[in-house]
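A.B. asks: Okay, here's the prediction I keep looking at, along with the sequence it came from:
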Amino acid sequence: MGISSRDAAGFRTSASMTPEVVQGLTALVGESYLLTDVAERALHAYDATIHRFLPDAVVRPANLQQVAAVLRLCQQARVTVVPRGSATGLSGGALPVRGGLVLDLTRINRIPEINVNDLYAVVQAGVTVENFSRAVAEHGLFFPPDPSAARASTIGGGVAENAGGPHAFKYGVFRDYTLGLTAVKMDGTIVHTGGKTVKNVSGYDLTRLLVGSEGTLAVIVEATLRLIAQPKARRTMLMVYDRLDDAAETVSQVIAAGMQPAALEFIDDASIRVVEQFLHLGLPLDAQALLLIEVDGSEGEVSEQTERVQRLCRQHGARSVTVAGSEAEAAQLWKARKSIASAVARIKPSKVAEDATVPRSQIPTMVRRLKEIARTYQVDLVIFGHAGDGNLHPNIMCDERDPHEMERVWQAVAEIFAVTLELGGTLTGEHGVGTMKAPFMAWEHGEEGLAVMRAIKSAWDPDHLLNPGKIFPETAPPWPVALDPWERRIAGKEP
C-alpha cells in the first residue's frame, strides 16, 4: 500500500503547517531537527501495521521544555500532533492519519536516576526497553515488561500502549510498574502525576489514566518506574504436543493447579512450520503445538516447579519435554518463539497481527475458533502468544496488493474480534486500539462507555489535535467491508 496524504475517512492533511509555523518550529528545535523533506517525512509515515500516512513535517525535540513549546505553538496554529517513539506498534497508534506534525521523542533518551534503595528508576521516553532493562540489571534489579520489540520499542511507547510481553502472566504489564509520569498537554501545560512511592492515593489516579491512553491525552516525556529484585534462578522448558487441544488444555490445567510460571507461551503447528522453514532449528513438523514454559524464583522453588510442570504436562498429552540446562540452552528454546514474527514476514509481503485476549479458561475454545476462521475465510493464519494470561496473537499472512485476499482478511479479523468478545475477552491485551481496532470499540464498551471516554479526551485536548483518529470510531482505516453481520451478533440478535 502506498503512502497516503489522507485517511480512509477523507481527512485532509493539515492545512495549518504554514511557513510561519515551520519558522517557529525551527526556532524552537533548530533547523537540523525539523524535517520537512519528503524522504524524511516518508520515514515517519508508518508503524508496524501495513498502513502509511505522510506527515507534513517531523520535529525531534531534545527535552521537556522543547516538547512543551512545540505543543503550545501547534495548539495556537491548530496543527495536529502525533507522538512517536520507534514506531514498533501494531495497531496504527503512531500513524499521522490527518497529516500534521509527527513528534519524534527518540532524542529524549536518558536515565536520570536508578534508586536501588527505594526500587525505582526515572527514565525518559526515548530510552529503549532493552537498554533500560540492561541498565537496571547491572544493579541487580528487574523490570519485567518485555514486549517482543524490546530492542527497538521505547519506554514512552510502552507506557502509552500499556505494553506487556511473555512475562506479563506472572509479573504484569507497564501499568503495574508505572509510579509516576511527566507529561505535556496539547496546550503546553506540563503535568506531573503520581510519585516515587508504591502507595499513592491522593486525588484522581492520573498516572493510570495516561498509561494506555495511546498519546491521545498528553505526550509522555518521562516515567518513574517500579523495579523488583532479579529472580535468583530461572528454568525454561519446551513441551511438544501431538494434539493442539491437549496443549491448550494444559494451559488451563497449569493455572488450575495453582502454579504461576514466569512465562507460558503457546505456538501452533502453522507457526512451527514457518519458523522451521526460516531457521532450521529441528522443530517437530509433525507436532500440532508447542508450549514454552519458564519458571523462576529461589533455587528450591524453581526445582519444585520444574518437576510439577513436567509431570502435569505429560499427564495432559505432552509427548516430550525438554528442560534447558544452561542460559545458552534456554535462549535456544526461546529462539523459536521469538522468531515467529520474522518468519511470518518471509511467507507473504504483508501481515495483520492481532492480540485477541480471552479468559484463560477459554483458550482451548479460542484456538479452535481461530482455526475455523482461517478455514472459513481461506486465510493463512498462525497462532502464538502469551497463553498464560489468555493473550493470543493470531497473525494473518497476506498480500495487501490483492484486494480480494484483503477483503477476506478484514472479514476474518472482524470475526476474530466478534468471537473474542463472545468468549468474554477484550479487543486488545497489549497492542492498543490505535486505528486498527477503533471501529470495534462500541462492541466492547457500548456507546455510553465511549461517551465517557470522549468527555475525558475533550477535557485534556479540547480541540482534538493530539493523535487524532485513534481509539474512537471515525471510519478509521482500513475497513472496506461491512461490519453489520458481526454487529448483529455482538448485539445478541444472531447466534
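C.D. replies: Nice, thanks for sending it over.

A.B. asks: Show the low-confidence segments of the protein, by residue range.
C.D. replies: Scanning the chain with the threshold set as pLDDT under 70 gives 1-15, 475-495.

A.B. asks: quick check: domain ranges of it?
C.D. replies: What automatic domain parsing lists as the domains of the chain is 19-104, 113-229, 233-336.

A.B. asks: and Ser458, which of the ones you listed is closest to it?
C.D. replies: Closest of the domains of the chain to Ser458 is domain 113-229, at 10.3 Å (criterion: Cβ to Cβ). (Glycine included, C-beta is placed from N, CA and C.)

A.B. asks: Where does the nearest residue to Thr357 once chain neighbours are set aside sit: helix, strand or coil?
C.D. replies: Distances taken as Cβ to Cβ, 6 or more residues apart in numbering place Gly429 nearest to Thr357, at 3.4 Å, with adjacent residues excluded. Secondary structure state of Gly429, per DSSP: H, G, I helix; E, B strand; the rest coil, is coil.

A.B. asks: which residues of the stretch 101-250 of the chain fall in helices?
C.D. replies: Per DSSP state H, counting those that start in this stretch, the stretch 101-250 of the chain carries helices over the ranges 129-137, 155-161, 168-171, 206-210, 244-256.

A.B. asks: what would the ones you listed look like in CSV with distance to Leu281 and mean neighbour count?
C.D. replies: Output for the helices of the stretch 101-250 of the chain, formatted as CSV (distance: least, Cβ to Cβ, whole Å; neighbours: other Cβ atoms under 10 Å):
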stretch, distance to Leu281, mean neighbour count
helix 129-137, 23, 18
helix 155-161, 29, 31
helix 168-171, 24, 22
helix 206-210, 41, 19
helix 244-256, 18, 20
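
A.B. asks: Including distance to Leu370, could these go into CSV?
C.D. replies: As requested, these are exported to CSV (distance: least, Cβ to Cβ, whole Å):
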stretch, distance to Leu370
helix 129-137, 28
helix 155-161, 23
helix 168-171, 20
helix 206-210, 31
helix 244-256, 10
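
A.B. asks: out of the ones you listed, nearest to Gln66?
C.D. replies: Of all the helices of the stretch 101-250 of the chain, helix 155-161 sits nearest to Gln66, with 14.8 Å by Cβ to Cβ.

A.B. asks: which strands and helices sit next to the closest one?
C.D. replies: Where contact means 3 or more Cβ pairs under 8 Å, 6 or more residues apart in numbering; DSSP states H and E, helix 155-161 is packed against strand 120-124, helix 129-137, strand 219-226.

A.B. asks: Okay, angle between the shortest one and helix 129-137 too, please.
C.D. replies: This points to strand 120-124. Computed with axes from the mean of the first three to the mean of the last three Cα atoms, to 10 degrees, the direction of strand 120-124 lies at 150 degrees from that of helix 129-137.

A.B. asks: Report all helices and strands that strand 120-124 contacts.
C.D. replies: In this structure, strand 120-124 packs against strand 113-115, helix 129-137, helix 155-161, strand 219-226, with contacts taken as 3+ Cβ pairs under 8 Å, 6+ apart.

A.B. asks: CSV for these, including distance to Leu392?
C.D. replies: Below are the helices and strands packed on strand 120-124 laid out as CSV (distance: least, Cβ to Cβ, whole Å):
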stretch, distance to Leu392
strand 113-115, 35
helix 129-137, 22
helix 155-161, 18
strand 219-226, 27
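
A.B. asks: wait, which of the ones you listed is closest to Gln23?
C.D. replies: With Cβ to Cβ, the closest approach to Gln23 among the helices and strands packed on strand 120-124 belongs to strand 219-226: 22.2 Å.

A.B. asks: Would you mind writing the CA trace of that closest one as CSV?
C.D. replies: Presented in CSV, the C-alpha positions along strand 219-226 are these (Å, rounded to 0.1, in the frame of the first residue of the first chain):
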residue,chain,number,x,y,z
VAL,A,219,2.7,13.4,25.5
ILE,A,220,4.6,11.2,27.9
VAL,A,221,8.2,12.6,28.3
GLU,A,222,9.4,10.9,31.5
ALA,A,223,8.3,8.0,33.7
THR,A,224,9.1,6.8,37.2
LEU,A,225,9.0,3.0,37.1
ARG,A,226,8.9,0.5,39.9
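
A.B. asks: what's it in contact with?
C.D. replies: 64, 67, 71, 81, 83, 103, 105, 108, 112, 119-125, 132, 143, 155-156, 159-160, 176-184, 194-196, 198, 210, 466 (Cβ atoms under 8 Å, 6 or more residues apart in numbering).

A.B. asks: For ChimeraX, what selects the buried ones among those?
C.D. replies: Restricted to buried positions by 16 or more other Cβ atoms under 10 Å, the ChimeraX selection for the contacts of strand 219-226 reads:
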select :64,67,71,81,83,103,105,108,119,120,121,122,123,124,125,132,143,155,156,159,160,177,178,179,180,181,182,183,184,194,196,210,466
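
A.B. asks: beta partners of the closest residue to Arg110 other than its chain neighbours?
C.D. replies: Excluding the flanking residues, the one nearest Arg110 by Cβ to Cβ, 6+ apart is Gln124, at 5.1 Å. Beta-bridge partners for Gln124, by DSSP bridges, are Glu222.

A.B. asks: what sits against Gln124?
C.D. replies: Neighbouring residues of Gln124 by Cβ under 8 Å, 6+ apart: 108-112, 155-156, 221-222.

A.B. asks: Taking the centroid of this structure, which residue is nearest it?
C.D. replies: Of all residues in the chain, the one closest to the mean position by Cα atoms, centre = their mean is His431, 2.7 Å from it.

A.B. asks: From Ser320, how far out is it?
C.D. replies: Computed with Cβ to Cβ, to the nearest Å, the distance linking His431 and Ser320 is 32 Å.
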